[in-house]
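Participant: output the structure for:
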Amino acid sequence: MARRHRNARGRILEATWRRLEAGDPARLEDVAADAGVSRQAIYLHFGSRGGLLLALVTHIDERLGIAGRLARARALGDPVVRLEATVAAMVRYEREIHPVAMALTRLAATDPEIQTALEDRMARRRRTLARVVADVAEQGRLRCGWSPGAVTDALWELSAPSTYEHLVVERGWPLERFEAWVVWAARSLVT
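Facilitator: Okay, the predicted model is just below:
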């Protein structure tokens, strides 16, 4: 029974992911049909649409291995190098999750549960940056006049899905240029 439960949960998450990547709003009845379950089964597994979307973000993170990528960056000795590696890992990850991130962003304007899921995701990303920036600040290596909070805010915005959308998707920047620009910006905020 537990295996069947995991299989249904996984099918629901994968169906939601596919729909969001395709630009679909991932209505629960459509996700349920794609996953071969009832709409009620989604509520049993996730509690609400917001619960489903929060679980989807975690599912995507696990499937694409963001924790391992960030752990490799955290293992670097010099905090400035660690900051650059963390920002670069986030930019590369954005490429992989961008369709879902933008779908959540578009849907958040009209759906409070999606807004909550998106805010949770962005808060996690900001906390990751804040930890690395704090290490740089602890060594007294932030540019004069910049607080750890201001540096975190700037890097959080520079590496945001909306910035990626504007520069990579709309303006056609290659990922390598976008990554180099964000890393350069991170480097420019430290001494």
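Participant: please count neighbours and contacts with C-alpha atoms only from this point.
Facilitator: Noted.
Participant: in the helix or strand residue 30 falls within, what's buried?
Facilitator: In the assignment (DSSP states H and E), residue 30 maps to helix 28-35. Within helix 28-35, the residues that qualify as buried are 28, 30, 31, 32, 34, 35, counting by 16 or more other C-alpha atoms under 10 Å.
Participant: what's the closest of the residues you listed to residue 20?
Facilitator: Proximity of the buried residues of helix 28-35 to residue 20 (C-alpha to C-alpha) peaks at residue 31, which lies at 10.2 Å.
Participant: distance of the closest one from residue 165?
Facilitator: 26 Å (C-alpha to C-alpha, to the nearest Å).
Participant: quick one, what contacts the residue at minimal distance from the centre of the chain?
Facilitator: Central residue of the chain (C-alpha atoms, centre = their mean): residue 121, 5.8 Å from the mean position. Counting by C-alpha atoms under 8 Å, 6 or more residues apart in numbering, residue 121 touches residue 57.
Participant: go on, residue 189?
Facilitator: So residue 189 contacts 142, 143, 146, 151 (C-alpha under 8 Å, 6+ apart).
Participant: tell me how far it lies from residue 67.
Facilitator: Counting by C-alpha to C-alpha, the gap from residue 189 to residue 67 is 25 Å.
Participant: cool, and residue 140?
Facilitator: 27 Å.
Participant: and residue 48, by the same measure?
Facilitator: As judged by C-alpha to C-alpha, residue 48 and residue 67 stand 26 Å apart.
Participant: and residue 102, by the same measure?
Facilitator: For residue 102, the distance to residue 67 - C-alpha to C-alpha - is 21 Å.
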